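Student: I need the structure of the sequence given here:
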Amino acid sequence: MDDKRTIDLVLEGGGVKGIALVGAATALVENGYSFARIGGSSAGAMVGAIMAAMQHANEPFSRVDDIMRTIDYMAFLDRRPGARFLKWWPRGADAWGALFHLGAHPGRHMEDWTRGVLADLGVKNFGDLAFDDPGSALPPGQSYRLVITASDLSRQRAMFLPWDLAAHGKDPDEYSVARAVRASAAIPFLFEPVRLKSKYGMLTLADGSLLRSYPIEIFDRNDGKPSRWPTLGVRLSSPAGERAKAKPVTSPVSLLTNLIKTTVDSTQVRHVSDPAAIDRSIFAKPKGVRWTDFDLTTEQRTSLFEAGHQAATTWVAKHPAGPQASEPVHTQ
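Tutor: Numbers count the residues shown, from 1 in each chain. Next comes the predicted model:
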C-alpha cells in the first residue's frame, strides 16, 4: 500500500443523508486515497459495507454512487402482513407495529436489498471481508475490512460487529454483513430491532447511532507504536432543522416518534467534540434534508452527493500532502 494515501475511513450515521458520505468518499478516491479498513454506523454502515464489498470485488468505485442514488428508500418502509388491515390508517399501522414488534416497519426489505447488493459483489458474511493485516495492534481475529457499530439495548452498551461476536459465542466469519447493517440502521420504533441469541441471553440490537454514531477512534492504536496510516472520518452532523418545516406534535404516537428522532439527531450533533476528532474529520453538513426524509427527490440526492464531494474536495485542498505526522491520527 502507498501509506501516504492509505487511510482508515470512518462514516457517521445519518439516515438518507448517507448519500453525502458517498460523495465525500468519491472525492477522496479521485484524489488518490484508498481505504484499508472502514468503520461505520447506521447509514455509514450501509455505505461502508457496499464500499468494502466493491474493494473486495475490485469493482470501480463509481458503482457505489450508482447504487446509492438508485435506492428506493420508501420501499424500506415495508409492512407486515397483519398491517394490511390498517392500510387506510398509516399511523395506526405504525403504532401497531411499534407496540407488538418494537418497530413500525420490519426492515426486511432493507436487509434483503443490502444482502442482494453485497451478494452480487461476492460478499455474504464477514469472513468474506477478513484479511491478513501484519503490523496491526488488533488480534488476528479482528482483522476485517469492515466494522459496524450497533447498540445493544439488552445490556446497554455499544457492540462492534464482527469484533464482539466471538464473546457472545458466535462465529464472526459466519455472521451476515447485511444483518449487521440492518441492526445498525434499526432506528428505534421506526424499524424492528435485530435479535441475537447470545450466551448471555437474547440481545436486542438497534441503531448504532444511539451510542456510537461516529466511532472515529475505532482503529486507534493502543500499544504505543507509530501509526501505519491515519484515520479520517466523514461527519454528517450539523445544526440541521433550523429551516425545516414545523410538524406539529398532536398525539401520543407522534410525541414518542418525534422524541426518538430528536434524541438521535442530538447525539449526531454532539457525539464527538474532542479537538483531536475534529482535526481528522471532514464535515459534509448537507442542508435541507432530514435523516428520515425517505421520499428523496432526484435533486435532493444530487445535492447530498455534491455536499459530501465538495466537503472532501475542500479538505484535500487544505491538506495537499495528506494528514501530517503531528496530527492525532494514530491507528492500529
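Student: Now do the contacts for residue 186.
Tutor: Residues counted as contacts of residue 186 (CB atoms under 8 Å, 6 or more residues apart in numbering) are 103, 107, 150, 192-194, 205-207. Where you see a C-beta, it was placed from the backbone N, CA and C, and this is true even at glycine.
Student: Repeat the analysis, applying 7 Å as the threshold.
Tutor: 103, 107, 192-194, 205-207 (CB atoms under 7 Å, 6 or more residues apart in numbering).
Student: looking at those, which has the most residues close by?
Tutor: For the contacts of residue 186, the largest number of neighbours (other CB atoms under 10 Å) sits with residue 207, at 28 neighbours.
Student: Stretch 110-129: end-to-end distance?
Tutor: 21 Å (CA to CA, to the nearest Å).
Student: Please apply the same query to stretch 246-258.
Tutor: Span of stretch 246-258 from end to end, CA to CA: 11 Å.
Student: neighbouring contacts of that stretch?
Tutor: 91, 94-95, 189.
Student: next one: that stretch to chain centre, how far?
Tutor: Taking CA atoms, centre = their mean, to the nearest Å, one finds stretch 246-258 lying 26 Å from the centre of the chain it belongs to.
Student: And for stretch 232-239?
Tutor: With CA atoms, centre = their mean, you get 12 Å for stretch 232-239.
Student: related to what we said a few turns ago, let's see which of the contacts of stretch 246-258 end up in strands.
Tutor: residue 189 (DSSP state E).
Student: Now the buried members of the contacts of stretch 246-258.
Tutor: 94-95, 189 (16 or more other CB atoms under 10 Å).
Student: circling back to that earlier point, among the contacts of residue 186, which are in strands?
Tutor: Per DSSP E, these map to strands at 103, 194, 205-206.
Student: so, if you compare the buried ones among the contacts of stretch 246-258, which one comes nearest to residue 38?
Tutor: Checking those against residue 38 by CB to CB gives residue 189 as the nearest, at 28.2 Å.
Student: Name the nearest residue to that closest one, ignoring sequence neighbours.
Tutor: residue 98 (4.8 Å; CB to CB, 6 or more residues apart in numbering).
Student: now for the helix or strand encompassing that neighbour, which elements pack on it?
Tutor: Using DSSP states H and E, residue 98 sits in helix 90-101. Applying 3 or more CB pairs under 7 Å, 6 or more residues apart in numbering; DSSP states H and E, we find helix 90-101 packed against strand 103-105, helix 252-270.
Student: who touches the most centrally placed residue in the chain in this structure?
Tutor: The centre of the chain sits closest to residue 44, judged by CA atoms, centre = their mean, with a distance of 2.2 Å. With contacts defined as CB under 7 Å, 6+ apart, residue 44 is in contact with 11-13, 18, 21.
Student: With residue 151 instead?
Tutor: 158, 205-208, 210-211.
Student: quick one: which of the contacts of residue 44 sit in helices?
Tutor: With helices taken from DSSP state H, the overlap with the contacts of residue 44 comprises residue 21.
Student: Is there a neighbour count for residue 90? I'd like the number.
Tutor: With other CB under 10 Å as criterion, residue 90 counts 13.
Student: what do you get for residue 320?
Tutor: Neighbour tally, residue 320, other CB under 10 Å: 7.
Student: Quick check: it vs residue 9, distance?
Tutor: 19 Å (CB to CB, to the nearest Å).
Student: so where do the helices sit in the stretch 1-150 of the chain?
Tutor: Along the stretch 1-150 of the chain, counting by DSSP state H, counting those that start in this stretch, helices occupy 19-30, 43-57, 62-69, 90-101, 108-120.
Student: just to revisit the earlier point, dump the buried ones among the contacts of stretch 246-258 into JSON lines; add pLDDT and distance to residue 233 as well.
Tutor: Converted to JSON lines, the buried ones among the contacts of stretch 246-258 look like this (pLDDT from 0 to 100; distance: CB to CB, whole Å):
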{"residue": "94", "pLDDT": "78", "distance to residue 233": "33"}
{"residue": "95", "pLDDT": "81", "distance to residue 233": "37"}
{"residue": "189", "pLDDT": "84", "distance to residue 233": "28"}
